[in-house]
Every structure is written in C-alpha cells, then in structure tokens.
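> 3D, please:
(chains A and B)
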Protein chains: 2
Amino acid sequence: MTETNSNVQPLNDRSAEELAAFLTEQRAAYEALKGKDLTLDLTRGKPAPAQLDLSDALLDLPTGAKDEAGVDTRNYGGLEGIREIREMFAELLWVEPEQVVAGGNSSLVMMREVLVDLWLKGAVDGVRPWSAEEKVTFICPVPGYDRHFTLLDWFGIDTVTVAMNEDGPDMDAVETLVADDPSIKGIWIVPTYANPSGSIVTQEVAARLTAMPTAAPDFKIFWDNAYAFHHLTEEEAKSADILTLAAASGNPHRPIMFASTSKITYAGAGVAFLAGSVETVKWYVSHLGKGAIGPDKLNQLRHAQFFGSPQGVRDHMVKHREIIAPKFAEVERVLDQRLGGLDVATWTRPTGGYFVSLDVLDGTASRVVQLAKEAGIALTPAGASFPGGKDPRDRNIRLAPTFPELPAVSEAMDAVATCVLLAAAESLASR
Amino acid sequence: MTETNSNVQPLNDRSAEELAAFLTEQRAAYEALKGKDLTLDLTRGKPAPAQLDLSDALLDLPTGAKDEAGVDTRNYGGLEGIREIREMFAELLWVEPEQVVAGGNSSLVMMREVLVDLWLKGAVDGVRPWSAEEKVTFICPVPGYDRHFTLLDWFGIDTVTVAMNEDGPDMDAVETLVADDPSIKGIWIVPTYANPSGSIVTQEVAARLTAMPTAAPDFKIFWDNAYAFHHLTEEEAKSADILTLAAASGNPHRPIMFASTSKITYAGAGVAFLAGSVETVKWYVSHLGKGAIGPDKLNQLRHAQFFGSPQGVRDHMVKHREIIAPKFAEVERVLDQRLGGLDVATWTRPTGGYFVSLDVLDGTASRVVQLAKEAGIALTPAGASFPGGKDPRDRNIRLAPTFPELPAVSEAMDAVATCVLLAAAESLASR
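Numbers count the residues shown, from 1 in each chain, chains lettered A, B, ... in the order given. Here you go, the predicted structure:
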C-alpha cells in the first residue's frame, strides 16, 4: 500500500533543483551510514535465538521412548509417522489423521520427494510420469518463495507467473492459463501469510483453485502452509480449508498440503507434515517406502510431548508473536517515518508470517541491495522472489526481520531506508 | 559351509524306507511344533530393545545447542552436517572430513537421493543423466539386501547378479560384465559383514573393483558400509579402504560410501553419512541444496556429545557385541545340532553384522518359510535376497536373530530346523 504524509512532498513532484539537493543529502546520509561499519542481516526467514529458546524443553524430551500405541520410537519403521503427532496436526490442519504423514525435519524435502514421485511415476490421478510429458509448467504467483522456484528449475520445470494479490493468486489469470494448456501441471502457493507478501488466500480464492477446470487431469496445488499458525496480531487468520473444498469440488487429489514445526519449535530439528486425500497419502507413502524405512519417530514423540495438544501449539505461537511482532512494528515504523509520503516505495503490513515485501521505484531494487551490501547490510538479492531471480520491474525486496535483535532491526531498516532514498534520488535525477 | 557330523548319515544316502521313516518323524515333529502356538519373528535386522537402551543417554542430550564452531544447531543451515560429527566419522571411515556429509536418520534415503541425482542430472564424472541412457543396469552380488533391489526396481534399473563370495563379489564375473557393456553403471555392495552372507570384501577385491576398466565412464560403486563397526568377535574386521584405493587407481569418483548409526545408537533416530571424493561430496551437496536447507544438526550434536570421540563409537560397539553375539552363537548351536551331518543345509558363521544366511536344499526355501509361517515363526520371504525376490535355486533364507530375546532365538531356530528337515524329507521322498 502507498504511504501518504501530507507534510512531505513526493519526490516525483519536485523540481530538478530540489531533486539535486535531495540527492546530495542522500549521498551524505549514505556516506555517514557507511562510516558506521555495520554488519547486519535481513536475508532469511530464520527464527531468532529467543524464539528457539521457547522450545528448549525439547532438549530434555522425550520422557520414555514409546508412543501411545506402544511402539518403540527408537527402532525402525512407521513410514507415516507416529499416531499422536499426526492426530495433533490433523486437527490443526482440519483433516483426518489418515490424511497426514509426519516426516523428518523439512517440509521442503517432502516437496522435493513429491516432485520426484510425480516426475518418475506420475500422480495418483495421472496417466503418465511427468518426465514423459513434452513440457511441464508451474504457475508461480509472484512475488513468491525462491526455494520453490529453485526446485522447479532443478527439475527443468517451466514457470509462468501471475500476480499474488492480497487475497491470493490472480484467479482470472490462473483460470485462463490452466483451462487450455495441459502442460500446466501445478501451482505453488504459500496460502497463509505468503512469503514474502503476507497475503492470505481467502476461502473464495481457494474454492476457485479447487473447482477450476484444468486441461491437465493431474493438476496439483502445492499448498505450502508454512505459516499457518504464525500470527502477528491477535486476530488470527484462518487458512482456507483447501482439502475440504477440493473434495467437495470433485478434485480431491488436487491439493497437497505441506507444513512443519520449523518456525514453531526448531528450524533445524522440527517435524514436517504432508497432507492430502487418503489416496494421495497412500501414493506418497508407497513411493516413500521404496527408499526409506521411517522418519525420526523419536523427534516426533519429543514434539508430541512438548505440545501436549493442538491447543499447546496455538498457545506456543503466542509466545513467538510476543517476540517478533515488535520487530515487524519497527520495520513499519521506520518505513513510515523515513519513506512515507515520498512516493518512492510501497510495503506490506503483514498480520502474520516472516516477511515484509518492499517495492521500491521500478529499476532500483538491485541498486538498493547493492548499496545496502556496501554499507554492511545483507538483504535478500533483488529478484529472489521471482523465478530465475528475475524481477521484470526490478522493484521487489524481501525483508526478513525475525532473526536480528530489535535494535538491529531498527538500525538495519534505517539503513535500508537510506539506500532506498539514495537509489530513488539517483534514478529520478538521471531522467 | 557344509556341516559334517560322523554320527549322522546324510539324508541323501538313506534308503527309501529310511527316508519314509524320517519323513514321518519330521511330520510328527512339525505337528508338535504347531501345537506350541508360537509367535516368533526372525525377519528384519532390527536392534533389540536392550541394544537401544545402550544409547539412552541420548535422551538427555545435547547439553547446549551450539556446535564446536559456535553454530546454533537449532536453526536452519549447514547442508553438509556439523563439523565434529563429520570429523568423528571421517576418522572411523578413514577419509577426510571434507569427504563426509552427515545427513538425517537414514543412509537408505541418502542412497535414494544419490540415485535421483544420477538419474536426473548425471554423475560428477558422467556425460549425461542416467535417465537419458537407453538402459541402466546394476550388478547385484547375491545373496544381497532386498531394499537395494527394491530401489533399483523403482527407478526401472535392470539388475544382473553375480555371486557374493566370502571375499566379496565374484570379480572375474564383475570384470567381464563391466568391460564391454556401457549400460552397466553400478554395483551395490555391503562390504563388511554383508547382508545376509556376512562376507567381508577384502582389500584385494576392493582394489580390483576400483581399478577395473569399465565401459561406462561414470560407473559407481554404492559402498553401503552399514556394518562397518558391527563386530561379533574380538577379531574386528577392517573394511577395505575403498576411497584411497579408488583415488590411487585414478578412479576417485567411482565409490560412494554410505554408513549410519542406525545400528549403533537408534535405528529410527540416528545419523547417516555419505562419503566420497571431495568432488562427489560437492556434487551431492549442490543437488541436495536445491531441495533441502539442512539436516537435523541437533541430533548430530546429540550424537557427537554421546560418543565423545571415534574411540567412543568403537567402545560402544563392544556393548552391542555382548548382547548379540550370544544370539548368533545360539543360531549356530541349533543349526549344528539339528542339521549337522545331514547334508540338507549350509549356513554362514558371520563374524559381524546382523544376519545368518541359510541355504537349504534347492527348491525348498519357499516351503520352509511357508511351514515356519504356519507354525507361527515369521521368516524373511524366500528369495528376498535376490532381485525381484526370485532366488533361482529357491534355497536361500535370511535369518535375523538380533531382535528377539535369547530364549526366543533358541525356540525360533529349533522351529526353523524342524521346518528345514521336513521340507528336505518331503523333497527327497518325492524324487
């Protein structure tokens, strides 16, 4: 959204002299910034140490090693994960336990496995392996998550972008794309507090996604619900109920949902989940069983004991919010104060998730990131939120304020603002 | 090896009347066995609960969450695993830390990943992805490990078998196969205390494997050293030093080594390792990074603290030996006592590993497994040690005595002997 501040004159409205003076000011500010010798990092969506500390009771768990079914979690077996953690997350994700697989420490790895299975064997509702298709294309709402794009690229899967709006992907564009082109096999969506826009896919958009006619019979929605419980305000967004909608639409196998505790407990040592139709789960587990014996059930038991109940997960997330919400507020405060009214940038005001998406003047994002780097502030590379790392307007920058301490967030954002202003002044002055 | 007992007349030397009488005896013995209503399981190579208990100090580890490099193992990152566990297992596997990747809880999963990478991208020394080859074939020494065969089959990789001798695969056969046929891309070997024969690949055989000319430039040795430290006697076999041999032969990228702590600490919650040339490790990690952020480093730290040193691993294995060696001795005692001198079976006397390989009369293995099943004793399906589950001579049965308690091993083996004798008597009497 665009900021307005009646006391400030938009840069674009200023005379050449005013702009030149502004540019000189910003150059001075930037030189001052460089003189501070900062080393700050806003690159990746990593939990802060204080967030990880919230789960340190895990270090003394589990108590005992048997799950509720009496299975010794130290030993082999149990491809689909232990019952109690599947039940817990089934309730949280609004599905049945039979629709959930609890895996290892990474939902990204589960996504890769699903792509491998689709590639080599074909979908549960497919007619042939995707590798046997002439071309496979995914729709990527942008800005989006760079790791999704990297994985698609690794498989040689083409991408086509649509806009990620506040209520989800631009459905008119999506429906048009999938209607006639059978090479379009999937869409990758972070539905709740999207990375990086913070968008929330509404129930209405989800209903269109599940119901739309697709030329590919085995079209898949990769529903990466990484931030389902990661609220920044007391008004907690509810994820669209994609699996129920899909079943109701007669396309029960279309969505495959992913989630994890990576940003609930430990980013490196959590538990990941896959959910889908019962048939999808059977399909996944049957392929998984060809090259795996079972996940780390002991870590699943550790997590089940730590949370105690689905409500335990929700309660735990409130503690995260208390730590990170002030950091997001600080991002907003600095951006409002430094950039408000100048018409040189817009930014999201997420109510959850891990990111703020900052759009600067067209053609200046790379310059901002470069300026920041030279001043000691690491930002995600410009374009990272687009397939191939190429933002056609070179304007989007993903900000990840969770990891640094609050004073560092202030300092880094102040620096970012300086870089945004300098790049904007440079750009406008050279017109 | 064949058992001899001068007091016993081989079945084959007996008259028709004597055989008929023997068959009647065995039928009675089998009926008595069924009357016992046993429920016993010798199917899979699983550690016994008492073995898992040896590692229960893990349940209270790690102390702290930072590794020696100061990295917070609770957070994201570190694709190749934490330094101290890589160093520890590098020393145990006789390689440099740069040659080792520490992963998740399963070496089988790492093998699958390597196959995916070879399939989709090609080898570090390859010219094209294996999926672009007209045909890909693996040499499978038999008897071998069923999960290897299952995985090959899943990829549509053909198999050709060679004998697994006491010193490793039949190298004359292997050398002939690889010399002319470029479709032969690999061989899968459990080099130390092979599954199920207990064979130990000698340094000489390993040298031939690494030095032999292969028509395929990217021929791979999948060196699954699952039992490298799993000695059953005080005389501990040393694994052949495959990576040094390969480097010396000018084929440094040919072997890829796999190992894990699955049968050292917890079968479900251990740490797996991949080792190879530095280039192989880079190749693997670069592909891994397209769909993974990092392994469970916290569990790696837990293991590093638990072992303390490479010697800690070796010392720990002595405790396993004390638990399982008596079970293997019991298998041998029962087989010697019940089958010795009758010329109806041969069996291995492993000095390490998890299995005894029992060869019964040709054509009777399936019958033995069926008889055992009907008497309540679960055995690995006959043929499981061969690709496609098809033992051309229907004679091999894999026995896994580690999981049951010692009295159950005695009872189960006594039952197996009864089934072997009945099946042999049936077979000989019907000639």
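
> burial measure for A:Thr280, as a count.
Here the number of neighbours of A:Thr280 (other CB atoms under 10 Å in any protein chain shown) works out to 25. C-beta coordinates here come from the backbone N, C-alpha and C atoms, glycine included.

> I should have written A:Gly363 there, sorry.
What A:Gly363 shows, counting by other CB under 10 Å, is a neighbour count of 13.

> tell me the SS of it?
Three-state call for A:Gly363 (DSSP: H, G, I helix; E, B strand; the rest coil): coil.

> distance of it from chain B?
According to CB to the nearest CB, to the nearest Å, A:Gly363 and chain B sit 30 Å apart.

> quick one, what contacts that residue?
By CB atoms under 8 Å, 6 or more residues apart in numbering or on different chains, the residues touching A:Gly363 are A:393-395, A:427.

> now tabulate the residues you listed in a markdown table and tack on pLDDT.
A markdown table is the format used below for the contacts of A:Gly363 (pLDDT from 0 to 100):
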| residue | pLDDT |
| --- | --- |
| A:Arg393 | 98 |
| A:Asp394 | 98 |
| A:Arg395 | 98 |
| A:Ser427 | 96 |
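
> just the buried residues from these, in PyMOL please.
The PyMOL selection below is limited to those of these classed as buried (16 or more other CB atoms under 10 Å in any protein chain shown):
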select buried, chain A and resi 394+395+427
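
> write out the residues of the stretch 251-400 of chain A neighbouring chain B.
Within the stretch 251-400 of chain A, the residues that sit near chain B (CB under 8 Å from any CB of the partner chain) are A:262, A:266-269, A:287, A:290-299.

> tell me the one among the contacts of A:Gly363 nearest to B:Val100.
A:Asp394 (41.3 Å; CB to CB).

> verify the stated contact: the closest one with A:Ser385.
No. If you go by CB atoms under 8 Å, A:Asp394 and A:Ser385 don't touch, sitting 11.6 Å apart.

> mutual contacts of those two, please.
Counting by CB under 8 Å, 6+ apart, no residue touches both A:Asp394 and A:Ser385.

> element containing the closest residue to A:Leu243 other than its chain neighbours, please.
Using CB to CB, 6 or more residues apart in numbering or on different chains and skipping the chain neighbours, the partner closest in space to A:Leu243 is A:Val95 (5.4 Å). Using DSSP states H and E, A:Val95 sits in no helix or strand.

> separation between the one residue in the stretch 301-431 of chain A that gets nearest to chain B and B:Asn12?
Nearest to chain B, among the residues of the stretch 301-431 of chain A, is A:Phe403, at 8.5 Å (CB to the nearest CB). Using CB to CB, to the nearest Å, A:Phe403 is found at 75 Å from B:Asn12.

> same question, A:Cys419
Per CB to CB, A:Cys419 is found 89 Å from B:Asn12.

> quick one: which of these two has more around it?
The neighbour comparison of A:Cys419 against B:Asn12 (other CB under 10 Å) goes to A:Cys419, with 28 against 13.

> wouldn't the more buried one be in contact with A:Leu371 here?
Yes. In this structure, A:Cys419 is within contact of A:Leu371 by CB under 8 Å, at 4.0 Å.

> which neighbours do the two have in common?
Jointly contacting A:Cys419 and A:Leu371 under the rule CB under 8 Å, 6+ apart are A:Tyr30.

> helices of chain A, start to end?
Here chain A has its helices, by DSSP state H, at A:16-35, A:49-53, A:83-93, A:107-120, A:146-155, A:171-180, A:203-211, A:242-248, A:278-288, A:297-307, A:310-339, A:365-374, A:406-429.

> and the last one, what's buried?
Read that as helix A:406-429. A:408-429.

> kindly report the same for the shortest one.
The neighbour-count criterion (16+ other CB under 10 Å) identifies A:51-52 as the buried residues of helix A:49-53.

> starting at the chain centroid, how far to it?
Centroid displacement of helix A:49-53 relative to its chain, using CA atoms, centre = their mean, to the nearest Å, is 20 Å.

> ok, that helix near chain B or not?
Yes. Counting by CB under 8 Å from any CB, chain B is contacted by helix A:49-53 at A:49, A:52.

> got the residues of the stretch 1-150 of chain A near chain B?
Of all the residues in the stretch 1-150 of chain A, those in contact range of chain B (CB under 8 Å from any CB) are A:44, A:46-47, A:49, A:52, A:55-56, A:59-62, A:65, A:72-78, A:104-106, A:108-109, A:111-112, A:115-116, A:119-120, A:131, A:147, A:150.

> put the buried members of those into a PyMOL selection.
Only the buried entries of these go into this PyMOL selection, using 16+ other CB under 10 Å:
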select buried, chain A and resi 44+46+47+52+55+59+61+62+65+72+73+74+75+76+78+104+105+106+108+109+111+112+115+116+119+120+131+147+150
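
> mind listing what the closest residue to A:Glu87 other than its chain neighbours touches?
Excluding its sequence neighbours, the residue lying closest to A:Glu87 (CB to CB, 6+ apart) is A:Pro97, at 4.8 Å. Shown in contact with A:Pro97 (CB under 8 Å, 6+ apart): A:83, A:86-87, A:90.

> can you count the residues close to A:Val285?
Neighbour count for A:Val285, taken as other CB under 10 Å: 15.

> list the contacts of it.
By CB under 8 Å, 6+ apart, A:Val285 lies in contact with A:79-80, A:101.

> dump those residues to CSV, plus pLDDT.
As requested, those are arranged in CSV below (pLDDT from 0 to 100):
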residue, pLDDT
A:Leu79, 97
A:Glu80, 98
A:Val101, 98
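
> A:Lys263 and A:His230 touch, don't they?
Yes. Counting by CB under 8 Å, A:Lys263 touches A:His230, with 6.1 Å between them.

> ok, and what's touching the helix or strand of chain A at the bottom of the mean pLDDT ranking?
Lowest on mean pLDDT, DSSP states H and E among the helices and strands of chain A sits strand A:40-41, with a mean of 92. With CB under 8 Å, 6+ apart as the test, strand A:40-41 has contacts from A:376-378, A:403-404, A:408, A:411-412, A:415.

> from the chain's centroid, how far away is it?
Offset of strand A:40-41 from its chain centre (CA atoms, centre = their mean): 20 Å.

> what strands line up against that strand, and which way round?
strand A:377-378 (parallel) (DSSP bridges).

> could you dump the contacts of A:Pro97 to JSON lines with pLDDT and neighbour count?
Shown next, in JSON lines, are the contacts of A:Pro97 (pLDDT from 0 to 100; neighbours: other CB atoms under 10 Å in any protein chain shown):
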{"residue": "A:Arg83", "pLDDT": "98", "neighbour count": "17"}
{"residue": "A:Arg86", "pLDDT": "98", "neighbour count": "24"}
{"residue": "A:Glu87", "pLDDT": "98", "neighbour count": "18"}
{"residue": "A:Ala90", "pLDDT": "98", "neighbour count": "19"}
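
> show me which of those is closest to chain B.
A:Arg83 (14.8 Å).

> if I pick that closest one, what's in contact with it?
Neighbouring residues of A:Arg83 by CB under 8 Å, 6+ apart: A:67-69, A:97.

> outline the domain layout of chain A.
A:11-51+A:315-429, A:68-309 (automatic domain parsing).

> hey, which of those is tucked in deepest?
domain A:68-309 (a mean of 21; mean count of other CB atoms under 10 Å in any protein chain shown).

> nothing else from me, thank you.
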